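Colleague: below are the sequence and a predicted model for it; my questions follow.
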Amino acid sequence: MGKLPHRETPHSVRTDFLLSMADMKNSRNISAAESQQATPSARQHHNLQDMFKMKNKFLILSALVALAGFPPQSQAALDLGSADSFAVLGGSTVTSIGNTILNGDLGVSPGTTITGFTFSPTPGLGIVNGTTYAGGSVAANAQSGALTAYNILAGETSIQNLTGQDLGGLILVPGVYRFDSSAQLTGTLTLNAGNNPDARFDFLIGTTLTTASSSSISLTNGAQAGNVFWQVGSSATLGADTSFYGSILATNSITFDTGASMSGRALALNGAVTLDNNVITVPEPATFWLLTFCASVFGAWRWLALWRRQQAGRS
């Protein structure tokens, strides 16, 4: 299992917090004593300095406390190889009915038939916001990457066997879950990452994966669609209006009923992918959330530095 970079422990964060609070208290006492002998202009200057010091300490403490919420370890990311950019990858054919939208690449291999999209020999209303590969080396390499990832998942050791249970109504923590035969989702499955955006949820399904109409998956406490994987021994079918998260890697076919949507990938190793007015979006990389947080903290520091220079110029 991979490790996140070393971080402050909650205990050390609390210790730093107490020391910082004591330092701020001493600064206020000294400033108060000096202000009794200072001019009104000097007192105003001291007050601004105290305010800046407190804001600086507050931003530092906020960042430390936020980062302390990340667990020190997480499961290593699953490498999909060349399949990573594909929203849909079929083995034999890919067919679509209606206004399907794919936000990612589309491909098929070793088959070469794709129908129902605006560019298809048999055109339709489907749109691909990515690149399409009907056969050829790129699609073949993507299938190779998907097969490697499939075999890695199949070889994992599960933390819990859910055979016979419906996924609907369950609240699951990161880990590997196994179904010896089929898996069913009726209602809502909740995946709780425990404030670890790199946490993985792997589902190993012996035969079929089926979702009932209007079923859904809820991602909570930092869970990311890019870290949810469904290894399916035969075929998967997502019921009408299902809202699904995670990448499906199926030995045979993957079928989307009318209106089903996915944040993930539909990767069929040998069979067809069948679509019907669906939206499928390749998820952001797992580190996107953390990078966004760091950018926000950096932006706050830049804003504060600019504001301080402006105030200093007015004094």
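Modeller: Arrived safely.

Colleague: please make it C-alpha for all contacts and neighbour counts, starting now.
Modeller: Will do.

Colleague: give me the number of residues near the closest residue in space to Leu170 that isn't next to it in sequence?
Modeller: Closest residue in space to Leu170, ignoring its immediate chain neighbours: Leu189 at 5.4 Å, by Cα to Cα, 6 or more residues apart in numbering. Counted with other Cα atoms under 10 Å, residues neighbouring Leu189 total 20.

Colleague: give the other helices and strands that the helix or strand Leu189 falls within contacts.
Modeller: Following DSSP states H and E, one finds Leu189 within strand 188-192. On a contact count with 3 or more Cα pairs under 8 Å, 6 or more residues apart in numbering; DSSP states H and E, strand 188-192 meets strand 171-172, strand 216-220.

Colleague: mean neighbour count and distance to Asp180 added to those, as CSV?
Modeller: Below are those laid out as CSV (neighbours: other Cα atoms under 10 Å; distance: least, Cα to Cα, whole Å):
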stretch, mean neighbour count, distance to Asp180
strand 171-172, 14, 18
strand 216-220, 18, 21
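
Colleague: so which of these gets nearest Gly107?
Modeller: Gly107 lies closest to strand 216-220 among the helices and strands packed on strand 188-192, at 26.0 Å (Cα to Cα).

Colleague: tell me which residues are up against the closest one.
Modeller: Contact partners of strand 216-220, identified using Cα atoms under 8 Å, 6 or more residues apart in numbering, comprise 187-194, 225, 242-245.

Colleague: how far away is the nearest residue to Pro121 once chain neighbours are set aside from Asn195?
Modeller: Counting by Cα to Cα, 6+ apart, Pro121 lies nearest to Thr115, which is 6.9 Å off, once chain neighbours are set aside. Going from Thr115 to Asn195 by Cα to Cα, to the nearest Å gives 42 Å.

Colleague: between these two, which has more neighbouring residues?
Modeller: Legend: neighbour count by other Cα under 10 Å for Thr115 and Asn195, higher for Thr115 (19 against 14).

Colleague: surely that one is in contact with Ser92?
Modeller: No: Thr115 is beyond contact range of Ser92, at 11.9 Å (criterion: Cα atoms under 8 Å).

Colleague: which stretches of the stretch 51-200 of the chain form helices?
Modeller: 136-154 (DSSP state H, counting those that start in this stretch).

Colleague: tell me which of the helices and strands packed on strand 188-192 lies nearest to Asn141.
Modeller: Smallest distance to Asn141 across the helices and strands packed on strand 188-192 (Cα to Cα): 30.2 Å, for strand 216-220.

Colleague: what average pLDDT does the closest one get?
Modeller: Across strand 216-220, pLDDT averages out at 99.

Colleague: next, the angle from it to strand 188-192.
Modeller: Strand 216-220 and strand 188-192 are oriented at 20 degrees to each other (axes from the mean of the first three to the mean of the last three Cα atoms, to 10 degrees).

Colleague: give the contact list for the residue nearest to Pro121.
Modeller: Residues near Thr115 by Cα under 8 Å, 6+ apart: 94-96, 121-124.

Colleague: who is it paired with across the strands?
Modeller: With DSSP bridges as the criterion, Thr115 is bridged to Thr95.

Colleague: just use 15 as the starting number from now, easier for me
Modeller: Noted, 15 is the first residue going forward, which turns the last one into Thr129.

Colleague: show me the domain layout of the chain.
Modeller: According to automatic domain parsing, the chain is divided into the following domains: 24-88+303-328, 95-295.

Colleague: and those domains, which one averages the lowest pLDDT?
Modeller: Among those, domain 24-88+303-328 scores lowest, with a mean of 50.

Colleague: would you confirm that Ala97 contacts Ala163?
Modeller: No: shown here, Ala97 and Ala163 do not form a contact pair, counting by Cα under 8 Å, at 9.4 Å.

Colleague: and these two? Which one has more around it.
Modeller: Neighbour totals were compared for Ala97 and Ala163, and Ala97 leads with 26 against 19 (other Cα under 10 Å).

Colleague: any idea how far that one is from Val246?
Modeller: From Ala97 to Val246 the distance is 16 Å (Cα to Cα).

Colleague: check Thr200 too.
Modeller: 17 Å.

Colleague: what of Phe215?
Modeller: To Val246, Phe215 is 14 Å away according to Cα to Cα.

Colleague: which of these two has more neighbours?
Modeller: Counting neighbours by other Cα under 10 Å for Phe215 and for Val246 shows that Val246 has the greater number, 29 against 24.

Colleague: touching, that one and Thr222? I think so.
Modeller: Yes: the criterion here is Cα under 8 Å, and Val246 meets it with Thr222 at 6.3 Å.

Colleague: residues near the residue nearest to Val122 when sequence neighbours are not counted, how many?
Modeller: Spatial nearest neighbour of Val122, chain neighbours left out: Gly104 (4.5 Å); criterion: Cα to Cα, 6+ apart. Neighbour count of Gly104, defined by other Cα under 10 Å: 33.
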